[in-house]
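J.: starting from these lines, generate the structure:
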Amino acid sequence: QVRLVESGGGLVQAGGSLRLSCAASGRTFSTYSMAWFRQAPGKERRFVAALNWSDDSTYYADFAKGRFTISRDNAKNTVSLQMNSLKPEDTAVYYCAAVRDPYGVRIDRYDYWGQGTQVTVSS
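T.: Residues are numbered from 1 along each chain as shown. From the prediction side, this is the model:
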């Protein structure tokens, strides 16, 4: 069982930056692939970025490439999402997810989810 708790969301102006963090419980954090998803009001939850457990390879949605960076610290059981050059369309609730397998982009790939953290980007 893995418990995920996100933090770091907030209100930021367009062009600004935020760093989201996800703290995970459990002693086997390093064996989980981690991902971030987001859900805007009235829209489906969609993939943002993922990091593979075995080789730390990363994968990004097209809208995140060049602006967002996913990273992990296994010693601290955390995964982060650095978001730069934020746009109003990045406004959403951001969720952390985990799976004990190679990463994927589908929601049903992941077994564990956090409660989400709100990111609001003003224009």
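
J.: can you list contacts of the one helix or strand A97 maps to?
T.: Assigned by DSSP states H and E, A97 belongs to strand 92-99. Residues from elsewhere that reach strand 92-99 (C-beta atoms under 8 Å, 6 or more residues apart in numbering): 2, 4, 6, 9, 20, 22, 24, 32-41, 43, 45, 48, 79, 81, 107, 109-119. The way it works is simple: take the backbone N, C-alpha and C, and place the C-beta from them, glycine included.

J.: which parts of the chain are helices?
T.: Taking DSSP state H as the criterion, the chain carries no helices.

J.: which residue is nearest the middle of it?
T.: For the chain, the residue nearest the mean C-alpha position is W36 (2.3 Å; C-alpha atoms, centre = their mean).

J.: what separation do you get for that residue and S123?
T.: Note on W36: its distance to S123, by C-beta to C-beta, to the nearest Å, is 23 Å.

J.: S85 too?
T.: Distance, S85 to S123, by C-beta to C-beta: 14 Å.

J.: one step back: you'd agree the residue nearest to the centre of the chain is up against R19?
T.: No. Between W36 and R19 there is no contact under C-beta atoms under 8 Å: 11.8 Å.

J.: which residues do these two both contact?
T.: Both W36 and R19 are contacted by L81, under the criterion C-beta under 8 Å, 6+ apart.

J.: before we move on, back to that, more neighbours: which of S85 and S123?
T.: Counted by other C-beta atoms under 10 Å, S85 and S123 do not tie: S85 has more neighbours, with 12 against 9.

J.: pull the number of nearby residues for S33.
T.: 24.

J.: tell me the buried residues in stretch 10-24?
T.: 12, 18, 20-24 (16 or more other C-beta atoms under 10 Å).
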